[in-house]
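S.K.: Compute the structure for the input listed below.
(chains A and B)
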Amino acid sequence: NAGVTQTPKFQVLKTGQSMTLQCAQDMNHEYMSWYRQDPGMGLRLIHYSVGAGITDQGEVPNGYNVSRSTTEDFPLRLLSAAPSQTSVYFCASSYTITPNTEAFFGQGTRLTVV
Amino acid sequence: GQQVMQIPQYQHVQEGEDFTTYCNSSTTLSNIQWYKQRPGGHPVFLIQLVKSGEVKKQKRLTFQFGEAKKNSSLHITATQTTDVGTYFCAVDRGSTLGRLYFGRGTQLTVWP
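M.R.: Here you go, the predicted structure:
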């Protein structure tokens, strides 16, 4: 059972480049979300999805797009990378959303924008 | 902004000492979760508290939810080097969408 799989693990981008961070889960979870983690800031919610075809913004959505075409996949797109987007990105999934249940996290993607 | 205030931000203890981290909210919470993140790792779920005044134990870890459901604490008795990491509380806004918001975490260092 793979759980939540994120790719790539590390990435270096130049300012202005675009890229997609991949996230896949094999637990048939309804709820998926993306967080970024910066030193001293904890985990901040970027975007989330409550099911295929449904997405919404979190605390810090600017500069990021998401889509949820299948239950399993929830990619995060950086449209035009900026140095402020240098961070560690975590994807998470959980079985249901009301009430909250345990969130399972991927291993993270460490992104550097130069 | 942050939905919950978590204190302290850092805690350094000698092995065998106790450790406590606190989460405080200005609004009543429907539930609260706790996660642990080892250095270089990803957050791992520890527990969820739902009921007012609830106390749960996992070996040396004791979790409490306040009577007013506005605060929570995680207490570790007799810390070990394996307890090193950052401990986060996480809450939702109580909406039907159930977005999970994390505190800034308490980074625990344990020296032998």
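
S.K.: Please give me every residue in contact with the closest residue to B:M5 other than its chain neighbours.
M.R.: Of all residues not flanking B:M5 in the chain, B:N24 sits nearest, at 4.8 Å (Cβ to Cβ, 6 or more residues apart in numbering or on different chains). C-betas here are computed from N, CA, C, even on glycine. By Cβ atoms under 8 Å, 6 or more residues apart in numbering or on different chains, B:N24 lies in contact with B:V4, B:M5, B:Q6, B:I7, B:K70, B:N71.

S.K.: Let's see that with 10 Å instead.
M.R.: The contact partners of B:N24, taken as Cβ atoms under 10 Å, 6 or more residues apart in numbering or on different chains, are B:V4, B:M5, B:Q6, B:I7, B:G66, B:K70, B:N71, B:S72, B:S73, B:C89, B:G103.

S.K.: Now rank the residues you listed by neighbours and give me the top one.
M.R.: Within these, B:C89 tops the neighbour count with 32 neighbours, counted by other Cβ atoms under 10 Å in any protein chain shown.

S.K.: I'd say that residue and B:F45 touch.
M.R.: No - using Cβ atoms under 10 Å as the test, B:C89 is too far from B:F45 to be in contact (11.8 Å).

S.K.: chain center to the longest strand anywhere in chain B, what's the gap?
M.R.: Criterion DSSP state E: the longest strand present in chain B is strand B:85-92. With Cα atoms, centre = their mean, to the nearest Å as the basis, strand B:85-92 stands 5 Å off its chain's centre.
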